[in-house]
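> missing the sequence, but the structure's below:
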């Protein structure tokens, strides 16, 4: 099991604040602090079903018994859960008729609705990035850019243009840095034109003119419309927002608490799937 080392950094991260959907501004009122979530344990992964105590393999040249069942497929590595089970209303809310954004057979979807111009999302990324990388194989993590109007919409189109042109993964954190630490892009401090944004991606091997054209393409417009509809259906009130399998909108008192609750809800969805 991968160690969720990112949770150990919780004390270094700001208390959760959200960028709001109503006007795209940042809510600077911090939520009440809570103790940092304990780091996940480093216990080994659970033994795959059907492998513990299995009979030894037949010797070379010896025919295996005809009735021997095929080896069971390895189970996905699960996460060590911390803290109490989440409570509806306090820790998450159920999304009426909620559905995953990009359903995939056998996968539990986790989405982060985010905005590149959102300072809270920039602060969340150093925690959610490693958490995403350590998710079990049966979990599909999907970034969904928020469409709150103005420069938010341009950056949402940039996300899908970068995805289309194959540079989204390697530019995701770099774009946060350009806006919030390097300040080579304005983000919420002003207005970045399509050309300004395309120039940033030009440093990653993409032709700026092609990038700008892709931002305005029919395919990208269709994707941003889907993202906007998903955010509306999910009843988010700001970013960053974590949604599990389209069903649960995570609340949480801090960034680590959001991910702790998400871990529990992922386990719940896995158990429900196995029960069927």
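That came through fine. Predicted model, so just to flag it, every value in this text is computed and none were measured.
> which residues in the stretch 1-150 of the chain form strands?
Under the criterion DSSP state E, counting those that start in this stretch, the stretch 1-150 of the chain contains strands at 19-20, 92-94, 108-114, 139-145.
> what about the second one, average pLDDT?
In this model, strand 92-94 has an average pLDDT of 98.
> the shortest one too?
Across strand 19-20, the average pLDDT comes to 81.
> can you tell which of the strands of the stretch 1-150 of the chain is closest to residue 243?
Of all the strands of the stretch 1-150 of the chain, strand 108-114 sits nearest to residue 243, with 4.7 Å by CB to CB. Any C-beta I mention is one placed from the backbone N, CA and C, and that applies to glycine too.
> what sits up against that closest one?
100-103, 121, 124, 128, 132, 135, 138-146, 227, 230-231, 234, 236, 239-246, 262, 266, 269-270, 273 (CB atoms under 8 Å, 6 or more residues apart in numbering).
> just the buried subset of the residues you listed, please.
Neighbour counting over the contacts of strand 108-114 (16 or more other CB atoms under 10 Å) leaves 100-101, 121, 124, 128, 132, 135, 138-146, 227, 230-231, 234, 236, 239-246, 262, 266, 269-270 as the buried ones.
> worst average pLDDT in the strands of the stretch 1-150 of the chain?
Averaged per stretch, pLDDT over these is lowest on strand 19-20, reaching a mean of 81.
> okay, now the unreliable bits of the stretch 101-250 of the chain?
Judged by pLDDT under 70, the stretch 101-250 of the chain has no weakly predicted residues.
> give the buried residues for stretch 106-113.
Buried, per 16+ other CB under 10 Å, within stretch 106-113: 107-113.
> same list (these) but as JSON lines, adding distance to residue 199.
Shown next, in JSON lines, are these (distance: CB to CB, whole Å):
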{"residue": "107", "distance to residue 199": "36"}
{"residue": "108", "distance to residue 199": "38"}
{"residue": "109", "distance to residue 199": "33"}
{"residue": "110", "distance to residue 199": "32"}
{"residue": "111", "distance to residue 199": "29"}
{"residue": "112", "distance to residue 199": "26"}
{"residue": "113", "distance to residue 199": "26"}
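> now, among the residues you listed, which is nearest to residue 258?
residue 112 (9.7 Å).
> from residue 220, how far off is that closest one?
Between residue 112 and residue 220 the distance, using CB to CB, to the nearest Å, works out to 19 Å.
> which residues are in contact with stretch 148-160?
Under CB under 8 Å, 6+ apart, the answer for stretch 148-160 is 19, 21, 23-24, 115-117, 143, 145-147, 168, 175, 186-188, 191-194, 197, 201, 211, 215-216, 219-221, 223-224, 227.
> for it, buried residues please.
Going by 16+ other CB under 10 Å, stretch 148-160 has these buried residues: 148, 151-160.
> dump those into a markdown table; add secondary structure as well.
Conversion of those to a markdown table gives the following (DSSP: H, G, I helix; E, B strand; the rest coil):
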| residue | secondary structure |
| --- | --- |
| 148 | coil |
| 151 | helix |
| 152 | helix |
| 153 | helix |
| 154 | helix |
| 155 | helix |
| 156 | helix |
| 157 | helix |
| 158 | helix |
| 159 | helix |
| 160 | helix |
